[in-house]
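Asker: just coords:
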């Protein structure tokens, strides 16, 4: 793991932190780094009813078990179904899932961070956790991943509950290769990135599997992932 700190600006005052975890590489590494730096880390997972969540959660639980740290709080799963909003979207039906030939924009989930942060910020406020972190990377093209959005959304929720919870994006200036290199030594074989899992495995053909493969290659790391199909 990298010796560079992920939370230098807030470390002196931050006694605990919630991390929004999806099971993917970036948030998995963020949890690992937070455990290295902070006294208490609360992993939060928001279930919204997407097709890959059952498999993703099983991987995430094994990843967190593998970290084995007294600083790690139990995984807290929040629920916020979106089928009534998303309708027949590929993420809820599993049909026409973006494959390895599609651009990043193809996997856009409308208002994803609106959904995740609304519950996470309220949970933090009610449980006296001063901040929640997302593993947003540099180059993220989506409008609800910008620092401006995160600040504004936190302000709205804090105003609603007279709160002071911060939203942190410690990887906002980093690309996936840099984040992967920070994760050396972590059990990344239990991270999960697929949006069309097959028999409990990464499918090997979707947009996110392709991104995962590229990340390990470009970082010069061995890919521990078992894919159902080759590229």
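Answerer: All right, it came through fine. These numbers come from a predicted model, not from an experiment.
Asker: if I look at residue 194, how far off is residue 227?
Answerer: For residue 194, the distance to residue 227 equals 9 Å [Cβ to Cβ, to the nearest Å]. C-beta coordinates here come from the backbone N, C-alpha and C atoms, glycine included.
Asker: Need the overlap of contacts for those two.
Answerer: Common contacts of residue 194 and residue 227 (Cβ atoms under 8 Å, 6 or more residues apart in numbering): 201-203, 209.
Asker: got JSON lines for those, with neighbour count too?
Answerer: Output for these, formatted as JSON lines (neighbours: other Cβ atoms under 10 Å):
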{"residue": "201", "neighbour count": "16"}
{"residue": "202", "neighbour count": "25"}
{"residue": "203", "neighbour count": "20"}
{"residue": "209", "neighbour count": "25"}
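Asker: CSV for the residues you listed, including secondary structure and distance to residue 16?
Answerer: Formatted as CSV, those follow (DSSP: H, G, I helix; E, B strand; the rest coil; distance: Cβ to Cβ, whole Å):
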residue, secondary structure, distance to residue 16
201, strand, 35
202, strand, 32
203, coil, 36
209, helix, 34
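Asker: Looking at those, which is nearest residue 138?
Answerer: residue 209 (21.5 Å; Cβ to Cβ).
Asker: Which of residue 194 and residue 227 has more residues huddled nearby?
Answerer: Just comparing residue 194 and residue 227: by other Cβ atoms under 10 Å the higher neighbour count belongs to residue 194, 26 against 17.
Asker: Tell me who's in contact with that one.
Answerer: 52, 55-56, 201-203, 206, 208-209, 212.
Asker: Now the spatially closest residue to residue 197 that is not a sequence neighbour: which helix or strand?
Answerer: Distance criterion Cβ to Cβ, 6 or more residues apart in numbering; nearest residue to residue 197, sequence neighbours excluded, is residue 55 at 4.3 Å. If you go by DSSP states H and E, residue 55 is part of helix 53-67.
Asker: So which elements touch that helix?
Answerer: helix 25-37, strand 40-47 (3 or more Cβ pairs under 8 Å, 6 or more residues apart in numbering; DSSP states H and E).
Asker: what inclination does the first one have with respect to helix 53-67?
Answerer: The one in question is helix 25-37. Counting by axes from the mean of the first three to the mean of the last three Cα atoms, to 10 degrees, helix 25-37 points 30 degrees away from the direction of helix 53-67.
Asker: what's the angle from helix 25-37 to strand 40-47?
Answerer: Going by the same axes, to 10 degrees, helix 25-37 makes 160 degrees with strand 40-47.
Asker: could you give me the average pLDDT of helix 25-37?
Answerer: Mean pLDDT, computed over helix 25-37, is 94.
Asker: Residue 73 is in contact with residue 38, isn't it?
Answerer: No - applying Cβ atoms under 8 Å, one finds residue 73 not in contact with residue 38, separated by 11.1 Å.
Asker: just checking, residue 187 touches residue 63?
Answerer: Yes - with contact defined as Cβ under 8 Å, residue 187 counts as touching residue 63 (6.1 Å).
Asker: Which of these two has more residues huddled nearby?
Answerer: Higher neighbour count among residue 187 and residue 63: residue 63, with 24 against 17, using other Cβ under 10 Å.
Asker: For the protein, just list every one of the helices.
Answerer: For the chain, helices defined by DSSP state H occupy the ranges 25-37, 53-67, 83-86, 90-93, 112-126, 147-161, 176-182, 207-219.
Asker: As a quick check, tell me the outermost residue of this structure.
Answerer: Farthest-out residue of the chain from its mean C-alpha position, per Cα atoms, centre = their mean: residue 162, at 26.8 Å.
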